[in-house]
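Peer 1: predicted model follows, preceded by the sequence.
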Amino acid sequence: MTEVEKAKIVLPGEIIGNTEFNFQPGNGAYLHNNKIYSSLVGEVYIEKLENESKLSVRGLENFNPLPRMGSIVTCKVTHVTQRNCKCIIIAIEDYILKEPFKGIIRKEDIVDVNKDEVEVVNCFRPQDIILARVLSMGEANFYLLTTCDESLGVYIAKSQHGGLMYPISWTEMQCPKTFVKEKRKVAKIIRIVES
């Protein structure tokens, strides 16, 4: 069994080799307890030098992680209908994507209670930035998303007049310029203030 395969894709912290086989860590790798670990997302390759061989990792410039079931994602709303909200996923957890994925929030996945009374247009508007959780991979390469949690929903929105709105309740945001209120499914974001 070979200790490393060429062009194998690895993640940070993944073991790629071991000093018992006369390997040393090269670029994109580090040593801990005689084991060599990747410090990058990339491809493993062997650098053969005169007296030793080094295990190195070449970073992937166009690496884009996939949303997984349960991941919290940041999305930008692109289209709203009576039945759903379409969006593009721009970040997974804290990782900003190089290429966005398509997401969809169905009417029944917006809130936990009174699902029949929900009107999608009163929850999201195009250009809103929202937090959602990945439910699964749906049809036509759309990820099924949910905001059925008080911490999920709209957290950045502009009013129809272009002002950045602020939440005044869990169902409304207000424009600070015009004081016009607009309905949204507002995310309950807890901010930690240092004293």
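Peer 2: Alright, I've got the coordinates.
Peer 1: partners of the top strand by length along the chain in the sheet?
Peer 2: Longest strand in the chain, counting residues (DSSP state E): strand 95-106. Here strand 95-106 has these sheet partners by DSSP bridges: strand 84-92 (antiparallel), strand 142-146 (parallel).
Peer 1: any idea how the protein splits into domains?
Peer 2: With automatic domain parsing as the criterion, the domains of the chain are listed as 9-59, 72-183.
Peer 1: those: lowest mean pLDDT?
Peer 2: Of all the domains of the chain, mean pLDDT reaches its minimum on domain 9-59 (a mean of 82).
Peer 1: ok now that domain, how far from the chain's centre?
Peer 2: Averaging C-alpha positions (C-alpha atoms, centre = their mean, to the nearest Å) puts domain 9-59 28 Å from its chain's average.
Peer 1: go on, stretch 172-185?
Peer 2: The answer for stretch 172-185 is 27 Å, by C-alpha atoms, centre = their mean.
Peer 1: mind exporting it as PDB, just the C-alpha atoms?
Peer 2: What follows is stretch 172-185, C-alpha atoms only, in PDB (Å, rounded to 0.1, in the frame of the first residue of the first chain):
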ATOM      1  CA  GLU A 172     -40.900  43.700  10.400                       C
ATOM      2  CA  MET A 173     -38.000  45.900   9.400                       C
ATOM      3  CA  GLN A 174     -38.000  49.700   9.100                       C
ATOM      4  CA  CYS A 175     -36.200  52.200   6.800                       C
ATOM      5  CA  PRO A 176     -34.400  54.800   8.900                       C
ATOM      6  CA  LYS A 177     -34.800  57.500   6.200                       C
ATOM      7  CA  THR A 178     -38.500  57.200   5.400                       C
ATOM      8  CA  PHE A 179     -39.700  55.200   8.500                       C
ATOM      9  CA  VAL A 180     -41.600  52.900   6.200                       C
ATOM     10  CA  LYS A 181     -42.100  49.500   7.600                       C
ATOM     11  CA  GLU A 182     -41.800  46.300   5.500                       C
ATOM     12  CA  LYS A 183     -42.600  42.700   6.400                       C
ATOM     13  CA  ARG A 184     -39.800  40.200   6.600                       C
ATOM     14  CA  LYS A 185     -39.000  36.900   8.400                       C
END
